[in-house]
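S.K.: One predicted model, sequence on top.
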Amino acid sequence: MFRSGKKGNIFNDLYYISPLFIWQYIKSVIQKSPVFKDKQAKKYPAYLRTLFPKILLLIAIIHIIPFLFLQSPYGGGRGTENSPYLISNARHLANVRNNAWFSLYFKQTADIDLSDYLQKNEWNPIMFFNGVYDGNGYKIINLQYDDYARSRSIFDKEYFLFEELWQSFEILYGGIHGGLFGIVNDQGQLMNITLENIDITGDGGLVGGVSFGKIVNCHVEGTIKSSIAGGLVGSNEGIIERSSARVKISCKGFSGGLVGINEGIILNSYALGEVSGDERIGGLVGENRGAESLIQKSYSAVRVSGEKKTGGLVGKHADGTIESSYYDEETSGQSDEGKGTPRTTAEMKQQATFEGWDFEEIWDIMENESYPFLRGE
């Protein structure tokens with residue numbers, strides 16, 4: 001009935017189909033069914049009105065029973081702030097998606113190398129995350145994800161028993177090209193996460209879709225290919241703070257070293273590497289838009305290649321505010337002003353360039369040797 005794109009992954013499929021979705025579907029059937037509508041209920045015999053909800057309940061139980069026989073989904077904890085679910089291996093990490101809808105807490109307790117896991121499983125991005133994930137300073141290594149090669153295979157209509165359930169998944173998931181997370185809702189928080197050696201065909205390294213939540217002290221290193229891409233986040237409508245990306249990105253447009261499209265807030269963050277595409281290509285952000293959008297005390301040292309609407313810091317600055325933010329004009333090959341301040345490579349390695357920045361608690365620099373970097377990174 002379901003498939004994950006590889007044979008023999010029925011448990012992965014069951015985990016991917018959230019019990020919350022199943023319940024919502026059953027509830028909608030009950031609400032729409034004439035069996036339960038006052039004006040039409042009398043047309044149906046009493047035994048049918050009694051039997052119908054029991055059949056729906058049985059369907060739900062059939063879907064949920066496999067969960068009872070699987071191993072413990074996490075390494076411990078209760079999902080609370082004081083006792084978060086503990087994540088120490090690839091299976092634990094993959095299981096975060098099962099409770100992504102709820103305001104739960106997760107804490108990583110070891111480095112996680114996804115190489116072996118991905119030999120047998122495809123990575124399904126963690127969708128609609130409402131909880132708090134604390135990477136706790138540990139790394140997630142070798143994340144690979146190819147959204148386009150999958151061709152949305154897990155959403156093939158023939159694999160769904162219920163037409164309405166299939167349509168819901170097509171609408172909700174069909175256009176999301178994820179990294180580790182697909183979408184982070186406004187209550188969601190990602191912190192202290194480091195991704196190394198990623199290889200993603202999708203819209204972002206950490207969050208491939210839209211982040212409405214808060215991202216703090218998160219870092220990404222690797223390669224991304226897409227139509228729209230950001231090294232850290234595809235599209236930001238939340239807050240990104242003290243985060244970075246060291247990436248090589250090739251795309252069509254709306255792409256930046258850190259964020260593809262920014263309609264939120266970016267504070268004390270940076271990007272290194274290279275970004276190439278057609279238009280709206282920026283060292284930090286592809287396009288900055290929205291009256292309340294803000295880029296502050298951030299920089300990029302990224303080689304930028306594009307045909308039009310390119311910029312050393314921001315490709316296109318449609319709206320919003322850019323304050324005290326810089327880019328390396330030599331590395332980027334750009335010289336635009338008004339959407340980031342250009343500086344030479346030598347100037348970008350001098351603390352005096354970054355006037356008003358906090359080099360005691362947030363930033364550090366090796367004078368004349370390095371670009372600024374974040375303390376504790």
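M.R.: Sure, I can see it. Numbers count the residues shown, from 1 in each chain.
S.K.: Going along the chain, name the helices of the stretch 1-150 of the chain.
M.R.: 10-16, 19-32, 38-41, 46-69, 90-95, 115-120, 147-150 (DSSP state H, counting those that start in this stretch).
S.K.: pretty sure residue 127 contacts residue 100?
M.R.: Yes. Using C-beta atoms under 8 Å, residue 127 is in contact with residue 100, at 6.0 Å. Placement of C-beta: from N, CA and C, glycine included.
S.K.: pLDDT at residue 253, what is it?
M.R.: According to the prediction, residue 253 has pLDDT 86.
S.K.: okay, and for the stretch 51-200 of the chain, where does confidence drop off?
M.R.: 51-54, 56-57, 59-71, 147-177 (pLDDT under 70).
S.K.: Neighbours of residue 345, how many?
M.R.: 12 (other C-beta atoms under 10 Å).
S.K.: go on, residue 217?
M.R.: For residue 217, the neighbour count with other C-beta under 10 Å is 22.
S.K.: Enumerate every residue touching residue 254.
M.R.: 228-229, 260-261, 280, 286-287, 315 (C-beta atoms under 8 Å, 6 or more residues apart in numbering).
S.K.: doesn't it fall inside a strand?
M.R.: Yes. Checked against DSSP: H, G, I helix; E, B strand; the rest coil, residue 254 lies within a strand.
S.K.: just to revisit the earlier point, which members of the contacts of residue 254 occur in strands, if any?
M.R.: Secondary structure assignment by DSSP state E places 229, 260-261, 280, 286-287, 315 of these in strands.
S.K.: Need those in CSV (columns: distance to residue 294, neighbour count and pLDDT).
M.R.: Supplementary listing: those in CSV, determined by distance: C-beta to C-beta, whole Å; neighbours: other C-beta atoms under 10 Å; pLDDT from 0 to 100:
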residue, distance to residue 294, neighbour count, pLDDT
229, 21, 34, 89
260, 17, 34, 95
261, 14, 28, 95
280, 19, 27, 95
286, 16, 35, 96
287, 14, 29, 96
315, 17, 32, 97
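S.K.: Please say which of residue 127 and residue 100 ends up with more neighbours.
M.R.: Set side by side, residue 127 and residue 100 show more neighbours around residue 100, with 25 against 21, by other C-beta under 10 Å.
S.K.: Would you confirm that the more buried one contacts residue 128?
M.R.: Yes. With contact defined as C-beta under 8 Å, residue 100 reaches residue 128; the gap is 5.7 Å.
S.K.: contacting residues for residue 344?
M.R.: Applying C-beta under 8 Å, 6+ apart, the residues contacting residue 344 are 328-330.
S.K.: just to revisit the earlier point, which one among the contacts of residue 254 gets closest to residue 236?
M.R.: Nearest to residue 236 among the contacts of residue 254 is residue 261, at 7.2 Å by C-beta to C-beta.
S.K.: distance of that closest one from residue 182?
M.R.: 16 Å (C-beta to C-beta, to the nearest Å).
S.K.: now swap in residue 296 and tell me
M.R.: 27 Å.
S.K.: So between those two, which is more surrounded?
M.R.: The neighbour count for residue 296 versus residue 182, taken as other C-beta under 10 Å, is higher for residue 182 (27 against 16).
S.K.: Not counting sequence-adjacent ones, nearest residue to that one?
M.R.: Distances taken as C-beta to C-beta, 6 or more residues apart in numbering place residue 125 nearest to residue 182, at 3.6 Å, with adjacent residues excluded.
S.K.: Surely that neighbour and residue 203 touch.
M.R.: No. Residue 125 is beyond contact range of residue 203, at 10.1 Å (criterion: C-beta under 8 Å).
S.K.: so what sits against both of the two?
M.R.: 178-179, 209.
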